[in-house]
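Asks: build me a model:
(2 chains)
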Amino acid sequence: MPALILISATAALTNGVLQMGFTALVHRKWRVIVIEAAVVAASFIVLSNFHRLYLFPFATRIMTYVNSYLIASELVDRPTVLDVFGERGVPLVIALAYYPTFISVGRELIENLKVRGLKFSPSKVVLPLLVFTIKVANELEAAYTVKLYGKFRRTLPKLGLWDYLFVLSSVVVSCLSLVILR
Amino acid sequence: MFVVGDIEIERGERVALLGRSGSGKTTLIRAAICLRDSPKPFLDGRDFCADPDYSKVSAVMQEPSWQVLAETSEEELSLISRYHDGNISLARELMGPYFSTPFMKLSDGYKRRFVLSSVLVGGPEYLLLDEPFSNLDSEGVKLVSDALPHTYLMAEHRVPELRSMVDRVYVISSGVREVNKDKLWDEDFLRSHGLRGFKIWRERRRLGETILRADIKGISVEVRRGEVLCLVGSNGSGKTTAIKQLSKRGVRAVFQNPDLQFFLKTVGEEVNSSEALSLFNLVHLKDRSPYTLSYGEKMRVLMASAIASGSKVVAFDEPSTGMDGDSLISFVRALELLSEDGRGIVIATHDRDVVEVCDSVVKLG
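Replies: Model (predicted):
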C-alpha cells in the first residue's frame, strides 16, 4: 500500500510513463493494458498535432491512477490497509470489496440495454446505477451496524518479503523516472 | 425476551413474519436493529437502542451481495475480529471449502452462508432474517436452514419451506398480529393475505405453430405460439445462460432484478405502447417512475414492454424471485395475456409454483 501511494504521488511530479508501465505490469490485465496503450497513443498523436504535448503527462498519470486502483482492489492485502490506516481504512477496504459487484452490475446494465434494443447513452445508465447504489448503501448500513460493533483494535503491520520488494521496486521506478525527466 | 412492536420472541423460538411485499417486514427488521426510530425494540424489558448490543441481537438483510464487507469470508472475519471477538471456527465450518473463496465466485446458497456466518461469529442470541431463501433452490434452502441458530425471526415469502421450520407465525396485514401456525396450510388465508403457498391455476389454450427452434445446452427445444415452456434446474445449471443465448436470437428477455432493466423516466416511456399499457392495467401508472413501483408492478411494466416490442417469444429468468402471492397471481394473469396474444413464453425457474403453470418442462443440468 505505501508503495502504491508513493508511485501514484510521484506520477504527479514526473511524466508518469514509467509509473504507468510499472503499475500495468503489476496488475497484468492485458485487455486494460491494450486499451490504455491505445488511449495513450491517441493522446500523443492528437496532442502533438495540436502542439499541446505538455498536456501528455496527464494521460499517463490518469492511467497510473487507474492501474493503482486495479492493483489495490485485487492485489493489496486488505488487513494491511487496516494496519496502516486504522479505522479510517475500513471504508476503503469495503469500497474495494464492491469493485467486482459494480463491474458486474455495469456489464448487466449494458447487456440489458442491448436486450431492450436501446442505444447506449451515459444518461440512461446513470439512473439505474444511482438506484442500485442507494439500495446497496441501505443494506450496507445494516451490515456495517450489526457486524462492526465494538471498538476498533489496531495491530502493528507485519511486512513480508514481497512487501519489501514491492516498496523497493517502487522507489527505484520513482527515482528513475525523476532522473530521466531531469 | 426480545420485543419489537407487537412481535415477541422468546429464547429458543423460531418465529415467521409474513406479509405482502411492501407491508413493512424489512422496515420492522431495520427498526429492531435501531436503524429506524419506531417501533422501539426491547431486550429483556430494556430499551435495546439505548445501548445497542449487537452481540445479542443481529440481522441478515435480503440481498447478500450488498452486505459483504470484504472479498472473502476469511478477510471479512479478519476485519470483524478487529472490532470484537467471535467464534471464527463456526464461520470456517459453515463455509467449508469456500472459506477463502471470493464472494462473487460462490453459489447462491454459499453467498447466503457467507453473510450469515459473519453475523453468527458474534454468537447473537436473537437473529432477524429478511427473506433468507429468496432465489435459492431446494439445495440452497437446505444449506441455509442447516446453518440457522435456535432463535430467530424470519421474514419470508416462501410459506411451504417455513411450515416445518417455525414454531410461531406473525402476519402483517393492517397491523401485526399472531396467527395460528395451521394458517400456513389454509389456502384461502394465504391467498387473501397476499402470501405464497397456494395452488395456482392458468387457463390453457390450444397451442399454435412452432415459432422458435433452439438448441439449449445440447437439448433441442421448440416453442409454439401461446406455449409456456419452463426451463428447470438447480442454481448454477445454466438457466440464465440459456435465457441470454435466446436473447441473442431475437427473443425478448426479462432478467432478474427489474431495477437494472429500466432506463427511462416514466412507465409510459418504458412501455411505449398505449395498447400494452392498457392490456397490463398500467395506464394509471404511466407517469410514475418505474423504480417507485412494487415488485409485481415492475414485472408487469417489463412484460408490457416485452409485448410492445413485437417479439414473438418472451423469456423470463427466475421471475418469481421475491414475489408475494399477489404478484404471483398478477404474473400468471400476465402470462395468460401473452399466451392469448399468440406469443411463446420461456421461463427459467426452480419455483414449483411457476412450474405448475407451464405447458411443457425442459430439465437442465
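Asks: domain assignment for the chain?
Replies: Just so you know, I chose chain A. As assigned by automatic domain parsing, chain A contains the domains A:1-76+A:160-182, A:79-150.
Asks: wrong chain, I was asking about chain B
Replies: The record's domain split for chain B, according to automatic domain parsing, is B:2-192, B:210-363.
Asks: just checking the longest one against chain A, any contact.
Replies: Yes. Domain B:2-192 comes into contact with chain A (C-beta under 8 Å from any C-beta of the partner chain), by way of B:30, B:33-35, B:52-55, B:58-59, B:61-63, B:65-71, B:75-76, B:78-80, B:82-84, B:102-104, B:115, B:118-119, B:122. Where you see a C-beta, it was placed from the backbone N, CA and C, and this is true even at glycine.
Asks: where does the nearest residue to B:Ala31 once chain neighbours are set aside fall, secondary structure wise?
Replies: By the measure of C-beta to C-beta, 6 or more residues apart in numbering or on different chains, the closest residue to B:Ala31 outside its immediate chain neighbours is B:Pro39, 5.6 Å from it. Secondary-structure assignment from DSSP states H and E places B:Pro39 in no helical or strand segment.
Asks: quick one: pLDDT of B:Pro39?
Replies: Predicted confidence (pLDDT) at B:Pro39: the value is 93.
Asks: hmm, it is touching B:Arg30, no?
Replies: No. Contact status for B:Pro39 versus B:Arg30: not in contact, 10.9 Å apart, counting by C-beta atoms under 8 Å.
Asks: who's more crowded, those two?
Replies: Neighbours per residue, other C-beta atoms under 10 Å in any protein chain shown: of B:Pro39 and B:Arg30, the larger number sits with B:Arg30, 21 against 16.
Asks: so which helix or strand takes in the more buried one?
Replies: When elements are defined using DSSP H and E, B:Arg30 is found to belong to helix B:25-32.
Asks: identify the residues contacting the helix or strand following that helix?
Replies: Reading on from helix B:25-32 to the C-terminus, the next helix or strand found by DSSP H and E is strand B:41-43. Strand B:41-43 is contacted from outside by B:1-4, B:31-34, B:47-49, B:53, B:56-57, B:126, using C-beta atoms under 8 Å, 6 or more residues apart in numbering or on different chains.
Asks: centre of the chain versus strand B:41-43, how much separation?
Replies: For strand B:41-43, the distance between its averaged C-alpha position and the chain's averaged C-alpha position is 28 Å (C-alpha atoms, centre = their mean, to the nearest Å).
Asks: next: stretch B:251-261.
Replies: Distance of stretch B:251-261 from its chain centroid, counting by C-alpha atoms, centre = their mean, is 15 Å.
Asks: now stretch B:156-167
Replies: In this view, stretch B:156-167 has its centroid 14 Å away from the chain centroid, taken as C-alpha atoms, centre = their mean.
Asks: what's it in contact with?
Replies: Applying C-beta under 8 Å, 6+ apart, the contact partners of stretch B:156-167 are B:13-18, B:21, B:129, B:131-134, B:141, B:145, B:154, B:169, B:181, B:184-185, B:190, B:195-197, B:322-325, B:352.
Asks: can you pull the buried residues of that stretch?
Replies: B:Glu156, B:His157, B:Arg158, B:Val159, B:Glu161, B:Leu162, B:Val166 (16 or more other C-beta atoms under 10 Å in any protein chain shown).
Asks: can you tell me the closest non-neighbouring residue to the one residue in the stretch 201-350 of chain B that gets nearest to chain A?
Replies: Of all residues in the stretch 201-350 of chain B, the one sitting closest to chain A is B:Phe263 (4.2 Å; C-beta to the nearest C-beta). Here the nearest residue to B:Phe263 in space, its sequence neighbours aside, is A:Lys124; by C-beta to C-beta, 6+ apart that works out to 4.2 Å.
Asks: and the one helix or strand the one you found maps to, what does it pack against?
Replies: In this assignment (DSSP H and E), A:Lys124 forms part of helix A:122-147. When contacts are defined as 3 or more C-beta pairs under 8 Å, 6 or more residues apart in numbering or on different chains; DSSP states H and E, helix A:122-147 packs onto helix A:99-116, strand B:57-60, helix B:108-120.
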